[in-house]
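Student: My questions are about this predicted structure, shown below with the sequence.
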Amino acid sequence: MGNSKSGTLSKELLEDLKLNTRYSEEELSVWYQTFLKECPSGRITIEQFQSIYASFFPDADPKAYAQHVFRSFDTNNDGTLDFKEYIIALHLTSSGKTVQKFEWAFSLYDVDGNGTINKTEVLEIVKAIFTMINADDQEDLPEDENTPEKRTDKIWDYFGKKDKDKLTEGEFIQGITENKEILRLIQYEPQKVKDRLKEKKQ
């Protein structure tokens, strides 16, 4: 998608990314150089993406979760992320607007991409999240959410849905906007990660 391998970004792609993210031309150019060093082909494969995730979570198994994150950003379904998809992913998961983040969260949970979420899909993502929580942290979880099944039941109950019901994107975004508990339950942010982030900020 406009990614030349010459080491410079095309003007068209640069303008597009400046418009759709908060990054400056200088930041984007530096990232592009780094991206090409890591991925000379100009594309990240799912295996490379999983190994990037693994370096963030050395004491957990983020492979399944990374696979779902990758899927949600591989907008043209070609099994790779180009520079544009990679930067949009970076932007959305770090500094994107709240609504954009919620839209991304919906696409993460919409495993089959059919525009609605069912309870099985929620369970699949929650199971992937649990593989990233180490045993000690799992023991500290409240009794009614200390297994993927219990957490999924809790999320589904908060949405007021029956087992066979489906969630639309509008219902999903409304639910997490109105109920911070749903937001807490659908994302991966254990206390230890929060503590590490606080330490870095000080």
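Tutor: Sure thing, it's come through. Residues are numbered from 1 along each chain as shown.

Student: only C-alpha atoms for contact and neighbour calcs from this point on.
Tutor: Noted.

Student: And the contacts of stretch 168-180?
Tutor: Outside stretch 168-180, the residues that touch it by C-alpha atoms under 8 Å, 6 or more residues apart in numbering are 99, 102-103, 106, 115-117, 158-159, 182-183.

Student: Do I have it right that residue 69 meets residue 108?
Tutor: Yes - using C-alpha atoms under 8 Å, residue 69 makes contact with residue 108 at a distance of 6.3 Å.

Student: where's residue 9 relative to residue 99, distance?
Tutor: 28 Å (C-alpha to C-alpha, to the nearest Å).

Student: Revised request: answer the last question for residue 121.
Tutor: 21 Å.

Student: Could you do residue 178 as well?
Tutor: For residue 178 relative to residue 99 (C-alpha to C-alpha), the value is 13 Å.

Student: do the same with residue 135
Tutor: 33 Å.

Student: Now residue 167: phi and psi?
Tutor: Reported as degrees, to the nearest 10, the phi and psi values for residue 167 are phi -110, psi 130.

Student: How many residues are close by it?
Tutor: 19 (other C-alpha atoms under 10 Å).

Student: Would you mind confirming that it is in contact with residue 117?
Tutor: Yes - counting by C-alpha under 8 Å, residue 167 does reach residue 117; the two are 5.0 Å apart.

Student: So which residue is dead centre in this protein?
Tutor: When the chain is reduced to its mean C-alpha position, the nearest residue by C-alpha atoms, centre = their mean turns out to be residue 69, at 4.4 Å.

Student: more neighbours, residue 121 and residue 99?
Tutor: residue 121 (17 against 12).

Student: what's the longest helix in the chain?
Tutor: Ranked by residue count and defined by DSSP state H, the top helix of the chain is helix 25-38.

Student: Can you dump the C-alpha atoms of that one in CSV for me?
Tutor: Taking Å, rounded to 0.1, in the frame of the first residue of the first chain, the C-alpha atoms of helix 25-38 are listed here in CSV:
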residue,chain,number,x,y,z
GLU,A,25,6.5,13.4,9.7
GLU,A,26,9.8,13.0,11.5
GLU,A,27,8.5,10.3,13.8
LEU,A,28,7.0,8.4,10.9
SER,A,29,10.2,8.5,8.9
VAL,A,30,12.3,7.2,11.9
TRP,A,31,9.8,4.4,12.5
TYR,A,32,9.8,3.5,8.8
GLN,A,33,13.6,3.1,8.9
THR,A,34,13.3,0.9,12.0
PHE,A,35,10.5,-1.1,10.4
LEU,A,36,12.6,-1.8,7.3
LYS,A,37,15.5,-2.9,9.4
GLU,A,38,13.3,-5.4,11.2
